[in-house]
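Engineer: the following comprises the amino acid sequence and a computationally predicted model.
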Amino acid sequence: MLKKESKYTYFESGEGTPIIVLHGLMGGLSNFEAVADFFPTKGYKVVIPELPLYTQNILKTNVKAFSKFVKDFIIYKGFEKVVLLGNSLGGHIALYHAKMYPELMKGLVITGSSGLYESGMGESYPKRGDYEYIKKKSEDVFYDPKIATKEIVDEVFATVNDRIKLIKTLTIAKSAIRHNMAKDLPKMQTPTCIIWGKNDKVTPPEVAEEFDKLLPNSELFWIDKCGHAAMMEHPEEFNRLLLHWLDKNNI
């Protein structure tokens, strides 16, 4: 059940330290179903806002504006400090938020995050009418192509065939490339958990290693036989690793 308040639409469950989940460019809120089911049983409040990827003015369709949207949402909800968990573009927005508003951060969790390397973002989306091509691109996100259900492929196909959404998708992709975080990461002190698929083709494993090298307060965990969306492909292992890290860091 989604709540609608002010300009925000979001899912919320549980009580305790807030874990705010940020979805990716083509990712829905349902991608984090296992996180939303598990962490409220462990003393956390899970909150998943819908990011305004396709609803904001084109001038506010960028990583910086989305991270301000997250900050405004945190303040609106009255949270003091939060854990931000982001996949893909959501990870990038979380990283940029940690750079700009470290005082609101208790911890940062990134998985398959952009911010250093943007190969898979937007360069091939203009092949709009070709359903088989979109199906292949969607399957490439996962180690096991069967996870790219017809429902997932249909959603991506609809997005890239909607002219306004396509323009905004490409705008966001360009913004992600422009907001490369390599110079910022060494200055960022927020405790960071990096969970990465060993078989990620969109943001390959060396990207995770680079994040771990550049961030001064990070720990890297691998999931085998896993692509770009670890929380969907191996939900139990993802939750186990994240809970272990949260416990270890007393978050």
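Structural biologist: That came through fine.
Engineer: any regions of the stretch 151-251 of the chain where pLDDT drops low?
Structural biologist: Across the stretch 151-251 of the chain, not a single residue meets the criterion (pLDDT under 70).
Engineer: as a check, name the ranges of all strands in it.
Structural biologist: Here the stretch 151-251 of the chain has its strands, by DSSP state E, counting those that start in this stretch, at 192-197, 218-223.
Engineer: make sure residue 133 is indeed in a helix.
Structural biologist: Yes. Counting by DSSP: H, G, I helix; E, B strand; the rest coil, residue 133 is found in a helix.
Engineer: export the strands of the stretch 151-251 of the chain as CSV, with columns for mean neighbour count and distance to residue 108.
Structural biologist: C-betas here are computed from N, CA, C, even on glycine. What follows is these, written out as CSV (neighbours: other C-beta atoms under 10 Å; distance: least, C-beta to C-beta, whole Å):
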stretch, mean neighbour count, distance to residue 108
strand 192-197, 25, 4
strand 218-223, 18, 8
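Engineer: in a markdown table: those strands, plus distance to residue 230.
Structural biologist: Shown next, in a markdown table, are these (distance: least, C-beta to C-beta, whole Å):
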| stretch | distance to residue 230 |
| --- | --- |
| strand 192-197 | 5 |
| strand 218-223 | 5 |
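Engineer: indicate which one of the ones you listed is closest to residue 42.
Structural biologist: Between residue 42 and the strands of the stretch 151-251 of the chain, the shortest separation by C-beta to C-beta is 14.9 Å, and it involves strand 192-197.
Engineer: partners of the closest one in the sheet?
Structural biologist: strand 105-111 (parallel), strand 218-223 (parallel) (DSSP bridges).
Engineer: coming back round to it: indicate which one of the strands of the stretch 151-251 of the chain is closest to residue 159.
Structural biologist: Among those, the nearest to residue 159 by C-beta to C-beta is strand 192-197 (22.7 Å).
Engineer: what does the closest one contact?
Structural biologist: 98, 107-112, 143, 203, 205, 207-208, 211-212, 215, 217-223, 226-230, 233-234, 238, 241-242, 245-246 (C-beta atoms under 8 Å, 6 or more residues apart in numbering).
Engineer: what about the strands paired with strand 192-197, which gets the closest to residue 180?
Structural biologist: Among the strands paired with strand 192-197, the nearest to residue 180 by C-beta to C-beta is strand 105-111 (14.8 Å).
Engineer: turn the strands paired with strand 192-197 into TSV, including distance to residue 3.
Structural biologist: Output for the strands paired with strand 192-197, formatted as TSV (distance: least, C-beta to C-beta, whole Å):
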stretch	distance to residue 3
strand 105-111	22
strand 218-223	31
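Engineer: show me where the stretch 101-250 of the chain has its helices.
Structural biologist: Taking DSSP state H, counting those that start in this stretch as the criterion, the stretch 101-250 of the chain carries its helices at 131-140, 150-160, 163-178, 205-214, 230-233, 235-248.
Engineer: report all helices and strands that the fourth one contacts.
Structural biologist: Read that as helix 205-214. strand 192-197, strand 218-223 (3 or more C-beta pairs under 8 Å, 6 or more residues apart in numbering; DSSP states H and E).
Engineer: that helix: how far from the chain's middle?
Structural biologist: Mean C-alpha position of helix 205-214 versus that of the full chain (C-alpha atoms, centre = their mean, to the nearest Å) differs by 16 Å.
Engineer: in that helix, what's buried?
Structural biologist: 207-208, 210-212, 214 (16 or more other C-beta atoms under 10 Å).
Engineer: is residue 18 in a bridge, and if so with what?
Structural biologist: Going by DSSP bridges, residue 18 is paired in beta bridges with residue 45.
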